[in-house]
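Engineer: Give me the fold of what follows.
(one chain, ligands or ions: 3)
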Amino acid sequence: MHLQTMGSKSVVDMIEASSGVHFSGFHMDNLEARNTETGQPTTSAADNVLKQPFVIGVAGGAASGKTTVCDMIIQQLHDQRVVLVNQDSFYHNLTEEELARVHEYNFDHPDAFDTDQLLSSMEKLRHGKAVDIPNYDFKSYKNNVFPARRVNPSDVILLEGILIFHDPRVRELMNMKIFVDTDADVRLARRIRRDTVEKGRDIGTVLDQYSKFVKPAFDDFILPTKKFADIIIPRGGDNHVAIDLIVQHIRTKLGQHDLCKIYPNLYVIHSTFQIRGMHTLIRDAQTTKHDFVFYADRLIRLVVEHGLGHLPFTEKQVITPTGSVYTGVDFCKRLCGVSVIRSGESMENALRACCKGIKIGKILIHREGDNGQQLIYEKLPQDISERHVLLLDPILGTGNSAVQAISLLISKGVPEPNIIFLNLISAPQGVHVVCKSFPRIKIVTSEIDIGLNEDFRVVPGMGEFGDRYFGTDDDEVMVTQISSN
Ligand SMILES: Nc1ncnc2c1ncn2[C@@H]1O[C@H](COP(=O)(O)OP(=O)(O)O)[C@@H](O)[C@H]1O
Ligand SMILES: Nc1ccn([C@@H]2O[C@H](COP(=O)(O)O)[C@@H](O)[C@H]2O)c(=O)n1
Ligand SMILES: [Mg+2]
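Structural biologist: Ligands and ions are numbered 1, 2, ... in the order given. Below is the predicted model:
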């Protein structure tokens, strides 16, 4: 194994869990959202994050191979828009006094960097604006070397530097954190060569700086940030296996990320170890019915809670038992669920558990082949046109059933922006079909799969959800049920 593991987590787990947050997104419809009960403008809690680039932090000691690792990642991601932002660019300029005694200046201390400027540049990049990043000159110790480097907004930002994990505000920007872990003697040897050959320094000065500042700062400030890493790469650029795995993972994540960028109303819930674990269980063909139901229920609950976060709310004040005022929000009350029979019914309990007394309608769509969809049954609340609708179906495959169901809701007078489609797994094909047909509905899902196979089944998928959830994939159970009726 070339990748090091942290605690009991496998590296693949850590890679997988490291990149969820940016998939939640924000989209303001051209029409202003309004609370259907009060007619007041409303806000949805989930509507506050812009679609943003995938940010990868790369930390490690000086000369550990950070830049080399970043260059290798960039090279392998040649078909993506990737930029490298180096913490070195944000070194403070030295005063005349500091310059005169430069050998006493500690370039390895967190205070040597203008972190506020780094944050402001990152903020602009994350919001799609180009920035001019200073060029740092190691020989003159100046960071305003003309011209500044123009960095354009990109899909992936690699943020590299010895202390890039030190400030929590910078860490928070990152979707994935990599620590390049190279032996101290190798780092020192490389540093001596680099500083004498490239920076024109004499070996005595390099060794003095190393023992006075570089080594202590590594121990005090850099090494303690290793614990924040999702992935630790021993031996830096020599570790091709680790870099291949990382690039593979970034590609997968970018696929999802691209979909979320194309369709701002698609929300993939934040991935965590727990969520990955639940998916692993329900996707495993060997999982028992009991476990399948248990873990599917847990995941459904998370998707439902996330979906509810997209409902409009109004401000509400209450008096607490201490007599103080608490300013909070009031839930949206005009809502209902609609399940697509039969799999969608598995999501009803979770919705009922979250929304006491909620009305739940049903739609049955008969499938003949891939396109011969036929709506054969519907029972919906009479006043559905005045409600927000949570449409329930665990799998979004081709999108044909979903389009049928959504068309029916719209024909009943439900405004498109009032529909939130909740599912566990979406195939990209289904996302395209639904989002293109109904650009103003919201889709909340827990994972986006690779695609559909020749039988129009989602892959890797989880098989027939309804059969696995209700136990009807087992012939014996079928016979027992039929004979007992
Ligand atoms: N795997 C490696 N084998 C040999 N030399 C390397 C390797 N990785 C990096 N170097 C060299 O070591 C020096 C420091 O590497 P660099 O990637 O710039 O480290 P960092 O960005 O962490 O300071 C550079 O001169 C680079 O060419
Ligand atoms: N004028 C400077 C500024 C910084 N350094 C050293 O650079 C190291 C960080 O750069 P990496 O590419 O190695 O991450 C750091 O250890 C500083 O001591 C310098 O020598 N002179
Ligand atoms: Mg470097």
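Engineer: Count the residues that sit near the closest residue to residue 228 other than its chain neighbours.
Structural biologist: Residue nearest to residue 228 in three dimensions, not counting chain neighbours: residue 165, with 4.7 Å by Cβ to Cβ, 6 or more residues apart in numbering. C-beta here means a position set from N, CA and C on the backbone, and glycine is covered the same way. By the criterion of other Cβ atoms under 10 Å, residue 165 has 26 neighbours.
Engineer: quick one: contacts of stretch 117-128?
Structural biologist: With contacts defined as Cβ atoms under 8 Å, 6 or more residues apart in numbering, stretch 117-128 is touched by 50, 52-53, 55, 83, 85, 87, 89-90, 130-131, 133, 151, 153-154, 157, 159, 169-170, 173.
Engineer: Among those, the buried ones, what's the ChimeraX command?
Structural biologist: Buried subset of those, written as a ChimeraX selection, criterion 16 or more other Cβ atoms under 10 Å:
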select :52,53,55,83,85,87,89,90,131,133,151,153,154,157,159,170,173
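Engineer: Among the contacts of stretch 117-128, which ones are in helices?
Structural biologist: Among the contacts of stretch 117-128, the ones falling in helices (DSSP state H) are 169-170.
Engineer: out of the contacts of stretch 117-128, who's near ligand 1?
Structural biologist: By Cβ under 6 Å from any ligand atom, no member of the contacts of stretch 117-128 lies near ligand 1.
Engineer: Select from the contacts of stretch 117-128 every entry located in strands.
Structural biologist: Those of these mapping onto strands are 55, 83, 85, 131, 133, 151, 157, 159, per DSSP state E.
Engineer: Serialize those residues to JSON lines and add fields for distance to residue 366.
Structural biologist: Shown next, in JSON lines, are the ones in strands among the contacts of stretch 117-128 (distance: Cβ to Cβ, whole Å):
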{"residue": "55", "distance to residue 366": "46"}
{"residue": "83", "distance to residue 366": "51"}
{"residue": "85", "distance to residue 366": "54"}
{"residue": "131", "distance to residue 366": "55"}
{"residue": "133", "distance to residue 366": "58"}
{"residue": "151", "distance to residue 366": "54"}
{"residue": "157", "distance to residue 366": "48"}
{"residue": "159", "distance to residue 366": "52"}
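Engineer: and residue 429, what element?
Structural biologist: Per DSSP states H and E, residue 429 falls inside helix 428-437.
Engineer: How about the protein: which residue is closest to ligand 2?
Structural biologist: Nearest residue of the chain to ligand 2, counting by Cβ to the nearest ligand atom: residue 62, 3.2 Å away.
Engineer: Count the neighbours of the residue nearest to that residue when sequence neighbours are not counted for me.
Structural biologist: Leaving out its chain neighbours, the residue that sits closest to residue 62 by Cβ to Cβ, 6+ apart is residue 162, at 5.6 Å. Number of residues near residue 162 (other Cβ under 10 Å) recorded here: 26.
Engineer: Please report the distance of residue 162 from ligand 1.
Structural biologist: The gap separating residue 162 from ligand 1 is 7 Å, by Cβ to the nearest ligand atom, to the nearest Å.
Engineer: Now do the SS call for the residue lying closest to residue 60 once chain neighbours are set aside.
Structural biologist: Taking Cβ to Cβ, 6+ apart, and ignoring the residues beside it in sequence, residue 60 has residue 180 as its nearest neighbour in space, at 3.4 Å. Taken by DSSP: H, G, I helix; E, B strand; the rest coil, the conformation at residue 180 corresponds to strand.
Engineer: same question, residue 149
Structural biologist: Following three-state DSSP, residue 149 is assigned to strand.
Engineer: let's number from 14 now, not from 1
Structural biologist: Yes, from this point I'll number from 14; that puts the last item at residue 162.
Engineer: quick one: it and residue 146 touch, right?
Structural biologist: Yes. Residue 162 is in contact with residue 146 according to Cβ atoms under 8 Å; the separation is 4.8 Å.
Engineer: Confirm residue 304 sits in a helix?
Structural biologist: Yes. Applying three-state DSSP, one finds residue 304 inside a helix.
Engineer: Before we move on, what's the pLDDT of it?
Structural biologist: At residue 304, the predicted lDDT confidence score is 96.
Engineer: Which secondary structure element is home to the closest residue to it other than its chain neighbours?
Structural biologist: The shortest distance from residue 304 to any non-neighbouring residue, by Cβ to Cβ, 6+ apart, is to residue 294 (6.0 Å). Counting by DSSP H and E, the element that carries residue 294 is helix 286-296.
Engineer: contacting residues around that helix?
Structural biologist: With Cβ under 8 Å, 6+ apart, helix 286-296 has contacts from 22, 26, 29-30, 282, 300, 304-305, 308-309, 311-312, 315, 437, 459-460, 473-475, 481.
Engineer: picking that back up, which of the ones in strands among the contacts of stretch 130-141 sit farthest apart?
Structural biologist: Greatest spacing in the ones in strands among the contacts of stretch 130-141, by Cβ to Cβ: 68 and 146 (14.9 Å).
Engineer: Three-state assignment for residue 148, please.
Structural biologist: Three-state assignment for residue 148 (three-state DSSP): strand.
Engineer: unless I'm mixing things up, it is touching residue 156, no?
Structural biologist: Yes. Between residue 148 and residue 156 a contact is recorded at 7.2 Å, counting by Cβ under 8 Å.
Engineer: Give me the more crowded residue out of the two.
Structural biologist: residue 156 (21 against 16).
Engineer: same question for the helix or strand containing that one, mean pLDDT?
Structural biologist: Using DSSP H and E, residue 156 sits in strand 155-164. Average pLDDT, strand 155-164: 82.
Engineer: Would you check how far apart residue 420 and ligand 1 are?
Structural biologist: Separation of residue 420 from ligand 1 (Cβ to the nearest ligand atom) stands at 55 Å.
Engineer: what's the answer for residue 422, then?
Structural biologist: On the measure of Cβ to the nearest ligand atom, residue 422 and ligand 1 end up 55 Å apart.
Engineer: Equivalent analysis for residue 392, please.
Structural biologist: With the distance defined as Cβ to the nearest ligand atom, residue 392 ends up 64 Å from ligand 1.
Engineer: Low-confidence regions, the chain specifically.
Structural biologist: Within the chain, the stretches with pLDDT under 70 are 14-64, 92, 158, 270, 381-386, 388, 487-498.
Engineer: near ligand 2, which residues of it?
Structural biologist: Residues of the chain that fall close to ligand 2, judged by Cβ under 6 Å from any ligand atom: 75-76, 79, 101, 104, 120-121, 151, 154, 174-175, 227.
Engineer: got the residues of this protein near ligand 1?
Structural biologist: Contacts of the chain with ligand 1, taken as Cβ under 6 Å from any ligand atom, map to 73, 75-81, 203, 207, 249-251.
Engineer: Emit the PyMOL select command for whichever of those residues are buried.
Structural biologist: To isolate the buried ones among those in PyMOL, judged by 16+ other Cβ under 10 Å, type:
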select buried, resi 73+75+76+77+78+79+80+81+203+249+250
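Engineer: so can I have TSV of the residues of the chain next to ligand 1 showing secondary structure?
Structural biologist: Below are the residues of the chain next to ligand 1 laid out as TSV (three-state DSSP):
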residue	secondary structure
73	strand
75	coil
76	coil
77	coil
78	coil
79	helix
80	helix
81	helix
203	helix
207	helix
249	helix
250	helix
251	helix
